[in-house]
Structure formats: C-alpha cells, structure tokens
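Participant: I would like the atomic coordinates for the input below:
(one chain, ligands or ions: 3)
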Amino acid sequence: MVMFWQPLSVESWIGMRRGSLSDVKDSVNTIIEDVRVNGDKALFSLTEKFDHQKLSSLAISSEEIDAAYDHVSPELVQALIEAEARITQFHELQKSKTLWLEEMEPGITLGVKTTPLDRIGAYIPGGRAAYPSTVLMTTVAARVAGVPEIVVCTPPKVNPLTLVALDIAGVDEAYQIGGAQAVAAMALGTETIRPVQKIVGPGNVFVTQAKMMLREYADIDFPAGPSEIGIIADASAEPRYIAADVLAQAEHDPNAACVLVTDSKKLAAEVGDEIAQQIANAPRREIMEKALAHSGYVIAESMEDATDLMNRIAPEHLSIQTVDALSTLSGIRHAGSIFIGPYTPVACGDYASGTNHVLPTAGYAKSYSALDVNHFMKRSQVQMVTREGLESIGDVIEALATAEGLAAHANSVRLRRE
Ligand SMILES: NC(=O)c1ccc[n+]([C@@H]2O[C@H](COP(=O)([O-])OP(=O)(O)OC[C@H]3O[C@@H](n4cnc5c(N)ncnc54)[C@H](O)[C@@H]3O)[C@@H](O)[C@H]2O)c1
Ligand SMILES: N[C@H](CO)Cc1c[nH]c[nH+]1
Ligand SMILES: [Zn+2]
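Facilitator: Ligands and ions are numbered 1, 2, ... in the order given. Below you'll find the predicted structure:
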C-alpha cells in the first residue's frame, strides 16, 4: 500500500477542504487591492510576478486564435466539436420558458419571465494543466441561456487547444490573465476590462478565494476549487477502477483530495495497493503524491453509515460502486455530480458525456448545484390583476397593510376599489 493512502476522519476532511481556501485570504486580499488601485498596471505586474510572462497586451487577439488552428490536429478539433455538441444538447434541456402566465383565479394572473444576464465572465484555469474543456463547460451553458456578452480570462501562454475552444464556443472577449488578479479585473473592472455581472468557473485556491471575496461586486456561481472525488463502495467494487479515479482527481492539483468511504477494510487496502502500482509511472506523480498526502479512506460500520458519512463530506464528484448502486443513490443528498457504476469514470463528465464539470467543492455541494443554464438566468415574477381580481384580494391586502401600519399601501388598493 502507498504510505499516504491512510485512514481519515470526516471531520479532518471537512477542516482540510475549507482550510486550504482560507489559508490564502491575506495574499488574495493584497492582489485584489492592487488591481483595485492600479488597474491594468497591476494586471501586467502581477502576471509577471505569478505567471512569469511579460505581456504586451491583455486581450487575446482574433489573429492569435486563428493561428492556433495550425498547432492543433484536426482530430482534436473534432473532439472539441463533438464534446460541445453533447454539452449543448444536455444544457438545452435545462432551459425554461421565457414567459409563462397562469390565471390563478378570475382576474388574477401570475407568471414568471426569465431573462439572461447581460455580461458574464468565465475563468478558465491554466496553471498546472490546460482546460479547453472548461471553456466549453462555462460558455456553452451561458450561450444556451442567451447571455449576449461572454468574457473569458485564462492564464497567459494560452494553450492552442484552449484558443480553438474559445473560437468554437464563440466567446466575445478573451484576456490572458490568470489567478486572483483575473477575478478582480472581471469583478472590479480596469481600463481595459469592463466589469461583468457574474463570474463563473473553477480554479485553484487563489482563484476560488478571490471569487468568494469579490461577490459583493460580481455575483459568482459557487466556490469551485481544487478537485475532489468521494467514492462510496462495498466489497463488490473493482479496486483498479477506484484507484484510477482517485489518481484522475489527484493529478489536478496538490490541493486536490480523494476519499473512499467503504464498509470493507479489504477493499480499502486493495485500493491502496492499486494506487501504488498505478502511480509508479504516472506523468504527474509529483502532484498526485501531494494530493494523496491528505487523501485516504474512511471505514464505515455499514453501507447506511457510509451514506451518512458521504453526505457529511458532500464531495464535488461522487462515484457509487456498490452492488445496488441505485439504492445507494436514493440515500445520497449532497454531491456536486454523481457517477454510477463501474463504467462511469468521472472523466466522462469532465469531457464529453454532456453534464457540466464546473462543480462546488469543499463541502459547498451541500448548498450549491453544478453549473447549469439557470446560473446565467434570472426570473422576474409577473402579475396582472383586473378590477374583479382586486375585489377578491382587496380586503386581505388592506387588512394586512393597515396591521403593518402602512396606510399608503392600503390606500393604493382602496382608492382603486372606490
Ligand atoms: N471544481 C471544479 O469545478 C473544477 C474544475 C476544473 C478544475 N478545477 C481545479 O482548478 C484548479 C486549476 O488550478 P491551476 O493552478 O492549474 O490553474 P489556475 O488557473 O486556477 O491558477 C493559476 C493561477 O494562479 C496564480 N497563482 C499561482 N501561484 C500563486 C501564488 N503563490 N500566489 C498568488 N497567485 C498564484 C497565477 O496567477 C496563475 O495564473 C485545480 O485546483 C483543479 O483541481 C476545479
Ligand atoms: N475534474 C475536473 C473538475 O474538478 C474537471 C476536468 C477538466 N479536465 C479534466 N477534468
Ligand atoms: Zn478532472
């Protein structure tokens, strides 16, 4: 077994996930203040400091995007196009009617009008890996919602496939800045970058903390920080598959984390052995080992107990590897995205099945949902009351308004009924 595949407690997991975000509060605050005071100048200097790039321009030009096609194989372009089609298909299903009106009783018609946001910003990570798939996940959902202005920020030395993804997704503006400074620029605005209404997308602890600290200026989707997987499994599960899924999350970031919750000590040990074998030749072994240092397993007394523990963890990704996976699913209340059965690795949702891979981490799946079309929409409630309808509810309104001591409210109804 690898030395760092260790027993964990749920409490230590929860503390570790939130702790890694709050540890960077001070440095993120300094970056935000720099961007607030110095605007573009701060973006250039922070990019030099953290990304070691001397930029001549913040914006990514359409010429750079066109040129990127020369560095990407037609097969990869085709893969992006296919993934985009599946993501679009799934997100189209989430659209609600732009307007519905229902006569609730004679003379009282109520409804909801749904409208997209005007201008959103998507953060596309690009520090330790390139994320063209995240371009699709964030911008397809926004486009299907009907957002007219989609802005993207991603760290410099942008990968050619990410540039091609920006083109396929039809992004309106793109900037080569990363980290907390990119989030600050989109939230506060600078000379070059106009502020957005909402910032979505994942990132490392600096990006995620910046989103959380700047939500006063721009709304955010949710904290979508370093990747996580929780696996709930019984003795029937295949340790090789579990180990592969663990390493697939661990390779994202030293702050990524993986937890297996099982009632089988044997399975937990076998998964550890498998991780040791599979990590041996892994290209991103160094990152994986750091992530595994705070990953491990929890032994539950029963599978019911395992389900309760997993609900407390509320992982970003949940993989269910049990004999009766659908009955395990019925007990799950908190998870960002759920992957059922031996042939559904998390990678399906990362790239191409069509679901969104932008997901709440650090236990925030208890209160937030995966990125979808609704994150880019707002709903205005609508009402249309006739003279007859006002007669039906007039007494109730006047009585309640008078009881609240708000005579003008009561009067606005009374004079119409005269
Ligand atoms: N939750 C989700 O939905 C989801 C989806 C995809 C990826 N992710 C996560 O996104 C993250 C991507 O991280 P990444 O690092 O590869 O790319 P990133 O773009 O999020 O972060 C890179 C940026 O961080 C900044 N930075 C680096 N070190 C810094 C420091 N010491 N101080 C201040 N700023 C610093 C730099 O400006 C750099 O541009 C990973 O944690 C991955 O697990 C999460
Ligand atoms: N697993 C990530 C979400 O935490 C998404 C991703 C993108 N590319 C590969 N994986
Ligand atoms: Zn992934």
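Participant: wait, T190 sits on V37?
Facilitator: No. Between T190 and V37 there is no contact under CB atoms under 8 Å: 10.7 Å. Where C-beta positions appear, they are placed from N, C-alpha and C, glycine not excepted.
Participant: so where's the stretch 101-250 of the chain shaky on pLDDT?
Facilitator: Within the stretch 101-250 of the chain, no stretch has pLDDT under 70.
Participant: for it, what lies in contact range of ligand 1?
Facilitator: Contact residues, the stretch 101-250 of the chain versus ligand 1 (CB under 6 Å from any ligand atom): 125-129, 134, 155, 178-180, 202-204, 206-207, 224-227.
Participant: okay, now the sheet partners of the helix or strand where T109 lies, with direction.
Facilitator: Using DSSP states H and E, T109 sits in strand 108-116. Taking DSSP bridges as the criterion, strand 108-116 forms sheet pairs with strand 99-105 (antiparallel), strand 377-385 (antiparallel).
Participant: using CSV, write down the CA coordinates of it.
Facilitator: C-alpha atoms of strand 108-116 as CSV (Å, rounded to 0.1, in the frame of the first residue of the first chain):
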residue,chain,number,x,y,z
ILE,A,108,-55.6,37.3,-11.0
THR,A,109,-52.9,36.2,-13.5
LEU,A,110,-49.4,35.3,-12.2
GLY,A,111,-46.3,34.1,-14.0
VAL,A,112,-42.6,34.2,-14.5
LYS,A,113,-40.5,36.0,-17.1
THR,A,114,-36.9,34.6,-17.5
THR,A,115,-34.1,36.7,-18.9
PRO,A,116,-30.4,36.0,-19.3
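Participant: can you give me the buried ones in it?
Facilitator: 108-109, 111, 114, 116 (16 or more other CB atoms under 10 Å).
Participant: pick out the most distant pair among these.
Facilitator: I108 and P116 (28.2 Å; CB to CB).
Participant: so, in contact with ligand 1 or not, the one helix or strand T88 maps to?
Facilitator: Assigned by DSSP H and E, T88 belongs to helix 74-92. No. Using CB under 6 Å from any ligand atom, helix 74-92 stays clear of ligand 1, coming no nearer than 14.0 Å.
Participant: quick one: contacts of that helix?
Facilitator: Residues from elsewhere that reach helix 74-92 (CB atoms under 8 Å, 6 or more residues apart in numbering): 69, 132-133, 136-137, 140-141, 144, 161, 164-165, 168-169, 351-356, 372-373.
Participant: list the buried residues for that helix?
Facilitator: Buried, per 16+ other CB under 10 Å, within helix 74-92: 77, 79-80, 83-84, 86-87, 90-91.
Participant: ok, the residues you listed vs H252, which is closest?
Facilitator: Distances from H252 to the buried residues of helix 74-92, taken by CB to CB, are shortest for A83, at 18.4 Å.
Participant: hang on, the earlier thing: okay, and the common contacts of T190 and V37?
Facilitator: Counting by CB under 8 Å, 6+ apart, T190 and V37 have no shared contacts at all.
Participant: now the buried residues of strand 108-116 in CSV, with distance to ligand 2?
Facilitator: Putting the buried residues of strand 108-116 into CSV (distance: CB to the nearest ligand atom, whole Å) gives the following:
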residue, distance to ligand 2
I108, 46
T109, 43
G111, 37
T114, 28
P116, 25
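Participant: rewinding a little: show me which of T190 and V37 is the more surrounded one.
Facilitator: With neighbours defined as other CB atoms under 10 Å, T190 and V37 compare such that T190 has more, 22 against 9.
Participant: ok, for the more buried one, nearest residue in space, not its chain neighbours?
Facilitator: Distance criterion CB to CB, 6 or more residues apart in numbering; nearest residue to T190, sequence neighbours excluded, is G39 at 3.9 Å.
Participant: just the strands in the stretch 301-418 of the chain please.
Facilitator: Remark: strands assigned in the stretch 301-418 of the chain by DSSP state E, counting those that start in this stretch are 317-321, 337-340, 377-385.
Participant: quick one, which of those gets closest to K95.
Facilitator: Nearest to K95, of those and by CB to CB, is strand 377-385 at 8.5 Å.
Participant: show me what counts as buried in the closest one.
Facilitator: Residues 377, 385 are the ones in strand 377-385 that count as buried (16+ other CB under 10 Å).
Participant: and the closest residue to ligand 2 within the stretch 1-150 of the chain, how many neighbours does it have?
Facilitator: In the stretch 1-150 of the chain, the residue that lies nearest ligand 2 is S133 (4.7 Å; CB to the nearest ligand atom). A count of neighbours around S133, defined by other CB under 10 Å, yields 21.
Participant: could you check how far it is from G336?
Facilitator: Remark: distance between S133 and G336 (CB to CB, to the nearest Å) = 16 Å.
Participant: ok, back up a step: can you tell me which of the residues of the stretch 101-250 of the chain next to ligand 1 are in helices?
Facilitator: Counting by DSSP state H, those place 134, 179-180, 206-207 in helices.
Participant: isn't S380 up against V112?
Facilitator: Yes. If you go by CB under 8 Å, S380 and V112 touch, sitting 7.1 Å apart.
Participant: what does this structure have sitting close to ligand 2?
Facilitator: Within the chain, the residues that sit near ligand 2 (CB under 6 Å from any ligand atom) are 131, 133-134, 227, 316, 350, 357.
Participant: let me see the contact set for I242.
Facilitator: By CB under 8 Å, 6+ apart, I242 lies in contact with 231, 233, 260, 267, 271, 274, 319, 321.
Participant: any of those residues buried? List them.
Facilitator: Buried subset of these (neighbour count, 16+ other CB under 10 Å): 231, 233, 260, 267, 271, 274, 319, 321.
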